[in-house]
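Chemist: Could you look at this predicted model? Sequence included:
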Amino acid sequence: MAAIYYADDEQDIRELVSAWLKSDGHEVTAFETGDALLTAFRERPCDLVILDIMMPGTDGIGILTALRRESRVPVILLTAKDTDSDYYTGLTLGSDDYITKPFKPMLLSARVKALLRRVEMDSGAPGRSAPVITCGNLRYTPGKNLFEVSGRELRLTPTELKYLAHMMAHLGENVSRNDLLDAVWGMNFEVETRVVDETNRRLRRKLNEAGADVTLETVWGFGFKLTERNA
């Protein structure tokens, strides 16, 4: 059972989402505003956050930005804003998933389960015996779920961590978008392969800003590859 915080100013949707996720065994606390959710999170963090974007007070993007300054908690944006720019903004700022309204409750349930399972697998015991992997000045310690660039921690969201760990395991190999969808998100998002592209873009920027001498190259028409610069 996971503790989930959900903010949406539409009461009917709040009640629907809360009831559906509670039926899956989760503990759900619903809020009318993102500001109320953020206050509660700072007092008692939860396992997963679901945010609408258009809300009174600070909108969902503002709450997501605030959360990312202080936490790696998984975040799903559940919103009626469905343009490519909205999708890009949400993923770029660190959301782990983006679902547009109207939506099927069963889809949301599946996405929540997949994201929580991914976080659980990342923090589980099996990885503790795995060897440290290095590429240039990028170092990954599986047992600690820790990435470092020249000894400095690289702060990543759960999705980014899973993504980069998969790329490190396939260092120098061409990795397809479909393979990444299966390995990182744990399910087939069909045409929503742009979630892979935006996660890759975000990670590439973080690696560049951290001074990593590795990069995530685009393999046009196929996927991506993690390589050492000038190797």
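Modeler: Structure received.

Chemist: For Cys135, give the beta-bridge partners.
Modeler: Leu138 (DSSP bridges).

Chemist: Does it touch Leu216 like I think?
Modeler: No: using Cβ atoms under 8 Å, Cys135 makes no contact with Leu216, being 11.2 Å away. From N, CA and C alone the C-beta is placed, and that goes for glycine too.

Chemist: The two: which has the busier surroundings?
Modeler: A direct count of neighbours by other Cβ atoms under 10 Å for Cys135 and Leu216 places Leu216 higher, at 22 against 18.

Chemist: residues in contact with that one?
Modeler: Contacts for Leu216 were tallied using Cβ atoms under 8 Å, 6 or more residues apart in numbering; they are Met167, Asn200, Leu203, Arg204, Leu207, Phe224, Lys225, Leu226.

Chemist: Narrow those to those in strands?
Modeler: Members of the contacts of Leu216 lying in strands (criterion: DSSP state E): Phe224, Lys225, Leu226.

Chemist: Just the buried ones from those residues, in PyMOL syntax?
Modeler: Command for PyMOL that selects the buried part of the ones in strands among the contacts of Leu216, burial taken from 16 or more other Cβ atoms under 10 Å:
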select buried, resi 224+225+226
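
Chemist: Please tabulate the contacts of Leu216 in a markdown table and include pLDDT and distance to Leu116 as additional columns.
Modeler: Below are the contacts of Leu216 laid out as a markdown table (pLDDT from 0 to 100; distance: Cβ to Cβ, whole Å):
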| residue | pLDDT | distance to Leu116 |
| --- | --- | --- |
| Met167 | 92 | 22 |
| Asn200 | 91 | 23 |
| Leu203 | 92 | 21 |
| Arg204 | 93 | 27 |
| Leu207 | 95 | 27 |
| Phe224 | 95 | 25 |
| Lys225 | 94 | 29 |
| Leu226 | 93 | 26 |
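
Chemist: residues touching the nearest residue to Phe147 once chain neighbours are set aside, list them.
Modeler: The spatial neighbour of Phe147 that comes closest, neighbours along the chain excluded (Cβ to Cβ, 6 or more residues apart in numbering), is Leu154 at 4.2 Å. Counting by Cβ under 8 Å, 6+ apart, Leu154 touches Leu138, Phe147, Glu148, Lys206, Leu207, Ala210, Ala212.

Chemist: go on, Glu15?
Modeler: Ala30.

Chemist: Show the pLDDT at it.
Modeler: On the pLDDT scale, Glu15 is placed at 94.

Chemist: Also Tyr140?
Modeler: So Tyr140 comes in at 90 (pLDDT).

Chemist: Sticking with it, tell me its helix or strand.
Modeler: Here Tyr140, judged by DSSP states H and E, is contained in strand 138-141.
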